[in-house]
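Colleague: Structure for the following, please:
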Amino acid sequence: MSSKGREWWDPRLEKTFRKGFAHSGSSGFAARFIVSLFMYVVGFDIKGWAETGFSHEFITKNSDMIKRAAWWIRRLFPSVIAPFAGVPANQIGPEFYTTEFYEGILREIFLDPDFGSTNYFYRFYYDKGYKDQSCCPRTLKKEHFVALKANAGCFEWHHATVQETMERVQPHSFTKLILLDHMDWMPNSMVADEWIALQRATVPGAKILWRSAFTKMDDKPFFNNVDIEDMSPRWYSEDRVKMYPGTFLSYMPKDPLPWVDPVPSPCQRASVVRKMSTTTKMILHPLTAGKINAHGDKMSKFYAKQAKGYDAVREKMLIARSDMMSGFGPIKKGHTWLDVGGGTGRNLHFLRAQLDLFERIVVLDICPELLAIGEQNAKHTFTPSQFERICWVCLDINSPNVRSLLAPHLRNDIKRGFDAVTFSYSLTMIPKWEEALESAKSLLSSEGRVIVADFDCYTEKGNSIKDFIIRQWYKQDGVRIEAKTREVITKKVFTDQEYSITVARFQKKLVGVNIPHMVVCCRKPMTTCEKGFRKLSYPDLTQLEEKKGD
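Modeller: A predicted model of the protein is given here:
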């Protein structure tokens, strides 16, 4: 413990733990008073149950209290009980607002025939500690003391975050990691930074186990980088707490994870005057644009006067871009990337530290003014070698012969395809956006992925008053916001029979108003093998058909 930590705790230790660790702090208050009161309200005689030795027969006869308890917990846990138990708001998922969720948990806990002898977690709180060795962790049982003492030298204690610890140790120090549930508490960017440190500290193929209050990890786009095995069906029954329905296993990939640098390059910044000028032009555009039919001309008209200050003004508006890039996927040597609607090339700067790994990057846009700014910024920022890997192509993704037109940028290999295709706030501005998705799908390599970052609706179906308002506001700039976008991506163009699909939806404030965003990733199912190598989960039969045709 740090000197400041000791200074704070020394005068408080005796007072804090006088009544036992189980009943200290806010969670102890909940165990002593709130839970006891709650048991009285639902009509359950927990003291009588304890006197029977927590018998299964007693709880079975009184199992009707489970439904009553679930009804109350559904109403009390998210807003009243959770804060006392130290559960953060971002660890409370949608399922925490359903009665069925709590009823299932309570049945798993109380109807376990071995509750009295094996569930030391809840016995600890009821008994105000471990009264004897009949129900306690193995580490506290006398028969294991000799083994623990003999192996005490294997342990190291670090008063630091996981990331700080991983950055201190020697590279490739670990073969196995257990992360528990702490990532539920962290934003996507912090999880990404931690895993960069984890990859440094582990061997390729290291086994990583963690648990979560969620049944999926879709809310954090970073997890699109790793191949996750859901262990929940196997291990949930072994869990004593029952508040963590998700248990996951993954293996550290050998290829580098994307390291996202959120700080804009110097050439992408702008003065206050430039920002104000660009913002004014953006707001007044619907009144000054005039009538233009061609989509390319519309984009040029809209962006031409904003090009120089575009990145600086949009940095806090298009906030899902960095999250999208965090789930870019492991970057192997010779990677290829197509950035659709990439314009100024802002996304390239997120990965500036890893551009040398790419064989070719194609920034595709129909606005030459933005491409010119992007090429100029790249020339000033990147090394000559990195700059040569980037192609700036003024072309419509829906061009009939788009594959053959892009082939020269892939060594004229028309079948090579791209390992990543990104749409960064561009899909909702493409008139024939469904065709654009189909085109992107056709341009993927055998292990490729399509990632979309864009504006979203407030609600799942996009039919609220707030959805109507935001839809009308962004419509002025040619941005189409509707729930159909998610549905088409995940159920029509890309299906879960062929792709691993994740959707992360979140809101962030812009000038005091919450704006909804989304990151959707559709990737070929992969598995990480021993030593960190990745391969398709099933063979790509389309390539076999092509060979037969040849």
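Colleague: Can you get me the start-to-end distance on stretch 513-533?
Modeller: 44 Å (Cα to Cα, to the nearest Å).
Colleague: List the buried residues in that stretch.
Modeller: Buried residues in stretch 513-533, defined by neighbour count with 16 or more other Cβ atoms under 10 Å: 515-524, 526, 528, 532. All C-beta atoms are positioned from the backbone trio N, CA, C, and that covers glycine.
Colleague: would TSV of those with secondary structure, pLDDT and distance to Pro253 be doable?
Modeller: Converted to TSV, the buried residues of stretch 513-533 look like this (DSSP: H, G, I helix; E, B strand; the rest coil; pLDDT from 0 to 100; distance: Cβ to Cβ, whole Å):
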residue	secondary structure	pLDDT	distance to Pro253
Ile515	strand	95	33
Pro516	strand	96	31
His517	strand	97	27
Met518	strand	97	25
Val519	strand	98	20
Val520	strand	98	21
Cys521	strand	98	16
Cys522	strand	97	19
Arg523	strand	96	13
Lys524	coil	92	14
Met526	strand	92	9
Thr528	strand	93	5
Gly532	helix	93	5
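Colleague: May I ask which two of these are separated the most?
Modeller: Ile515 and Gly532 (38.1 Å; Cβ to Cβ).
Colleague: Turn the buried residues of stretch 513-533 into CSV, including distance to Asp218.
Modeller: As requested, these are exported to CSV (distance: Cβ to Cβ, whole Å):
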residue, distance to Asp218
Ile515, 20
Pro516, 16
His517, 14
Met518, 11
Val519, 9
Val520, 10
Cys521, 9
Cys522, 12
Arg523, 13
Lys524, 17
Met526, 17
Thr528, 19
Gly532, 23
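Colleague: Lys220: which of those residues is nearest?
Modeller: Distances from Lys220 to those, taken by Cβ to Cβ, are shortest for Val519, at 9.4 Å.
Colleague: what's the distance between the closest one and Tyr425?
Modeller: Here the distance between Val519 and Tyr425 works out to 11 Å (Cβ to Cβ, to the nearest Å).
Colleague: List the residues that are in contact with both of those two.
Modeller: Taking Cβ atoms under 8 Å, 6 or more residues apart in numbering as the contact rule, Val519 and Tyr425 both touch 320, 453.
Colleague: mind listing the strands for the stretch 401-550 of the chain?
Modeller: 418-424, 444-455, 500-510, 513-523, 526-528, 534-536 (DSSP state E, counting those that start in this stretch).
Colleague: Tell me the helices and strands packed up against the fourth one.
Modeller: So that's strand 513-523. The helices and strands touching strand 513-523, judged by 3 or more Cβ pairs under 8 Å, 6 or more residues apart in numbering; DSSP states H and E, are helix 320-326, strand 444-455, strand 500-510.
Colleague: Out of the ones you listed, which is the most enclosed?
Modeller: Greatest average neighbour count among the helices and strands packed on strand 513-523 goes to helix 320-326 (a mean of 25), per mean count of other Cβ atoms under 10 Å.
Colleague: Could you verify my assumption that Val191 touches Pro221?
Modeller: No - in this structure, Val191 is not within contact of Pro221 by Cβ atoms under 8 Å, at 9.5 Å.
Colleague: For the two, indicate the residue with more neighbours.
Modeller: Pro221 (29 against 21; other Cβ atoms under 10 Å).
Colleague: hmm, back to that, which one among the buried residues of stretch 513-533 gets closest to Leu180?
Modeller: Thr528 (21.1 Å).
Colleague: Now for the closest one: which residues touch it?
Modeller: Here Thr528 is in contact with 205, 226-227, 250-253, 534 (criterion: Cβ under 8 Å, 6+ apart).
Colleague: Apply 10 Å and report the result again.
Modeller: Thr528 makes contacts with 204-207, 226-229, 250-254, 330, 534-535, as judged by Cβ atoms under 10 Å, 6 or more residues apart in numbering.
Colleague: Weed out the non-buried ones from those.
Modeller: The buried subset of the contacts of Thr528 - by 16+ other Cβ under 10 Å - is 204-207, 226-228, 250-254, 330, 534.
Colleague: among the residues you listed, which are in strands?
Modeller: Among the buried ones among the contacts of Thr528, the members falling in strands (DSSP state E) are 204-207, 228, 250-251, 534.
Colleague: Put together a markdown table for the residues you listed, with distance to Gln472 and pLDDT on each row.
Modeller: Putting those into a markdown table (distance: Cβ to Cβ, whole Å; pLDDT from 0 to 100) gives the following:
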| residue | distance to Gln472 | pLDDT |
| --- | --- | --- |
| Pro204 | 51 | 97 |
| Gly205 | 51 | 96 |
| Ala206 | 50 | 97 |
| Lys207 | 51 | 96 |
| Ile228 | 39 | 95 |
| Ser250 | 43 | 96 |
| Tyr251 | 47 | 96 |
| Arg534 | 44 | 92 |
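Colleague: With distance to Ala22 and mean pLDDT added, can I get the helices and strands packed on strand 513-523 in a markdown table?
Modeller: Converted to a markdown table, these look like this (distance: least, Cβ to Cβ, whole Å; pLDDT from 0 to 100):
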| stretch | distance to Ala22 | mean pLDDT |
| --- | --- | --- |
| helix 320-326 | 39 | 96 |
| strand 444-455 | 46 | 96 |
| strand 500-510 | 36 | 94 |
